[in-house]
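**Student:** Just to be clear, the model below is a prediction. Sequence and coordinates:
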Amino acid sequence: MKTVIKGITVKLKISKQTGVDGFNRPVYEEDSYVNIDNVLVGEPSAEDVTNELNLSGKRIAYTLAVPKGDAHNWENTEVEFWGMKFRTIGIPTQGIDENIPLSWNKKVKVERYE
C-alpha cells in the first residue's frame with residue numbers, strides 16, 4: 001500500500017509596499033491573505049525550541065514545510081491555520097528542489113501570535 005503525505009491549507013498574510021512616508025519608512029496597502037495548499041505542520045525538536053529561545057527569546061510552536069515552487073515571502077509575516085494565528089520567526093531555510101525527493105523544500109518556524 002502506498003503512503004501519501006498531504007499537508008493542510010494555511011493562510012499567509014501578504015503585505016505589498018506602495019511607497020515610503022515622510023520619514024522614509026515603507027508604506028503598505030491593506031493586508032490580504034492568500035491560501036497556500038499542501039503545507040506540512042510539524043513539531044519542532046526540543047533542541048530547536050531551546051536554541052531559538054536562547055537566540056531570539058521566541059518560542060517555536062510549529063515548523064512548517066512549504067511546497068516546492070512557492071514564491072511567497074514567508075519572512076516576518078502572519079500565518080493562520082487550525083483557527084489560530086502565528087508569526088514566522090527568522091529567515092526560512094530552503095533546499096535545492098532537484099536534491100529533495102519529496103514535495104517540500106522550504107522550512108519555516110512559527111510562534112503562536114494571538
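**Tutor:** Nice, I can see it.

**Student:** contacts, neighbours, all on C-alpha from now
**Tutor:** OK.

**Student:** quick one: least confident helix or strand in the protein?
**Tutor:** strand 26-28 (a mean of 83; mean pLDDT, DSSP states H and E).

**Student:** ok, and what's touching that one?
**Tutor:** The contact list for strand 26-28, computed with CA atoms under 8 Å, 6 or more residues apart in numbering, reads 15-21.

**Student:** again, but for stretch 42-59
**Tutor:** With CA under 8 Å, 6+ apart as the criterion, stretch 42-59 contacts 60-65, 89, 111.

**Student:** Which one of these sits in the busiest neighbourhood?
**Tutor:** residue 60 (24 neighbours; other CA atoms under 10 Å).

**Student:** Surely that one is in a helix?
**Tutor:** No. Counting by DSSP: H, G, I helix; E, B strand; the rest coil, residue 60 is not found in a helix; it is coil.

**Student:** ok, it touching residue 108?
**Tutor:** No. Under the criterion of CA atoms under 8 Å, residue 60 makes no contact with residue 108, lying 10.1 Å away.

**Student:** Need the residues touching each of these two.
**Tutor:** residue 89.

**Student:** Output the contacts of strand 26-28 as CSV; include the columns neighbour count and secondary structure.
**Tutor:** CSV is the format used below for the contacts of strand 26-28 (neighbours: other CA atoms under 10 Å; DSSP: H, G, I helix; E, B strand; the rest coil):
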residue, neighbour count, secondary structure
15, 15, coil
16, 12, coil
17, 12, strand
18, 11, strand
19, 11, strand
20, 11, strand
21, 9, coil
